[in-house]
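Q: Fold the following, please.
(chains A and B)
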Amino acid sequence: MTMLKPELLEILCCPKCKGDLDYKPEQSTLTCKGCGHVYQVQDDIPVMLIDEPR
Amino acid sequence: MSSKEYFEKVAENWDTMRGEFFPNSLREKAVRVAGVQPGGVAADIGAGSGFVTEELLNHDVRIIAIDESPAMIDRMKKKFSGSTAIDYFVGESEHLPLEDRSVDYAFANMYLHHVEQPAVAIREMARLLKPGGRLVITDLDEHEFEFLRTEQHDRWMGFKREDLQRWFEEAGLENVKIDCTDDNCCAASETGQGDAKVSIFLAAGTKV
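A: This next block holds a predicted model:
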C-alpha cells in the first residue's frame, strides 16, 4: 500500500457534496466529513464514484 | 452496453484503436491553446489511456488523470509507471472530486460526447479552474453517423458550436473561442454502415 500524497488530499473532495475527506490509509477509505459517503481506495487509486456499490 | 462498459472492454487495445480515430497533432494543439506553463496543475478529464497526459508530460506540470473506467486508469498507470507527475482517480465529469479553484488547466479530449449532461460536465470542469485557468475541450462537430452511437457507444452525435459557446459562457468562462483543428475523427463501421469522417473542434475559455 502506498499513501496518497498530501498535496493530492489537499485538493480532493467529495464528488457528491464537495465536502472535505477523512483519509484512513489503514482501511483504504476516504470518508466525507460532510455527507458521510465512503469512497474506497483500490490499488492506490481513489474510486470517487457516487453510486459505486460498496 | 453503456459507454463505461464499452471502455472497460476495449481498454487493453485502446491505444491502437485510438490511433486510427484521431492524430497526435490534436493533443499538441490542445496543450498549446491552453498556454500550459511549467509548474502548473492540469486535469485530464476522461483521460482514457492518457492521450493528453502523454503530451502534458513534456511540459513539466502536475497531472491529475480522471476516468470513469477503472480498466482505463489501470492501463494508464502501467503505461506511465515511470512518472511521479501523475495522480489517478476513478471519477466522472458531472461530479468531479476536486475542490473549487484547484487546477490551472482542464482538458477533455473526445470525452464530452460520452457524457450524459455535457452542460453540467462543462460547469464542473470550469469549477475546478483557478481564476485565469483554461478549459480546453476537443470533440466532434455535429454529425449524422448513427453507427458511432450504436457500435462505439457515443451518447451524442457531436455538438453544435453555438451550444458549446453558450455552455462555456454559462459556466463562467470568458474569451470563449471555438475553432476548427483541421483534424478529423475517422472510423469504419464494423457492420458495413460505411466510414465516418467527422471534423474535430477545439473549444477554449478562460475562468473569470
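Q: Dump the C-alpha coordinates for stretch B:159-176 into PDB.
A: Extracted in PDB, the C-alpha atoms of stretch B:159-176 (Å, rounded to 0.1, in the frame of the first residue of the first chain):
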ATOM      1  CA  PHE B 159     -22.100  19.100 -30.900                       C
ATOM      2  CA  LYS B 160     -23.300  22.400 -32.300                       C
ATOM      3  CA  ARG B 161     -20.700  25.100 -31.800                       C
ATOM      4  CA  GLU B 162     -23.300  27.600 -30.600                       C
ATOM      5  CA  ASP B 163     -24.200  25.200 -27.800                       C
ATOM      6  CA  LEU B 164     -20.600  24.900 -26.800                       C
ATOM      7  CA  GLN B 165     -20.300  28.700 -26.800                       C
ATOM      8  CA  ARG B 166     -23.300  29.000 -24.500                       C
ATOM      9  CA  TRP B 167     -22.300  26.200 -22.100                       C
ATOM     10  CA  PHE B 168     -18.800  27.700 -21.700                       C
ATOM     11  CA  GLU B 169     -20.200  31.200 -21.000                       C
ATOM     12  CA  GLU B 170     -22.800  29.900 -18.600                       C
ATOM     13  CA  ALA B 171     -20.000  28.100 -16.700                       C
ATOM     14  CA  GLY B 172     -18.300  31.400 -16.000                       C
ATOM     15  CA  LEU B 173     -15.700  31.300 -18.800                       C
ATOM     16  CA  GLU B 174     -14.700  34.300 -20.900                       C
ATOM     17  CA  ASN B 175     -12.700  34.700 -24.100                       C
ATOM     18  CA  VAL B 176     -14.500  31.700 -25.400                       C
END
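Q: which parts of it are buried?
A: By 16 or more other C-beta atoms under 10 Å in any protein chain shown, the buried positions in stretch B:159-176 come out as B:159, B:164, B:165, B:167, B:168, B:171, B:173, B:176. Any C-beta I mention is one placed from the backbone N, CA and C, and that applies to glycine too.
Q: Could you work out the most separated pair of these?
A: Distance extremes for the buried residues of stretch B:159-176: the farthest pair is B:159 and B:173 at 15.7 Å, using C-beta to C-beta.
Q: List, one by one, the residues from chain B near chain A.
A: By C-beta under 8 Å from any C-beta of the partner chain, the residues of chain B that approach chain A are B:41, B:62, B:64, B:68, B:70, B:73-74, B:77, B:87-92, B:95-100, B:102-103.
Q: how about the helices in chain B?
A: With helices called from DSSP state H, chain B shows them at B:3-10, B:14-21, B:25-34, B:51-56, B:70-79, B:118-128, B:147-150, B:161-170.
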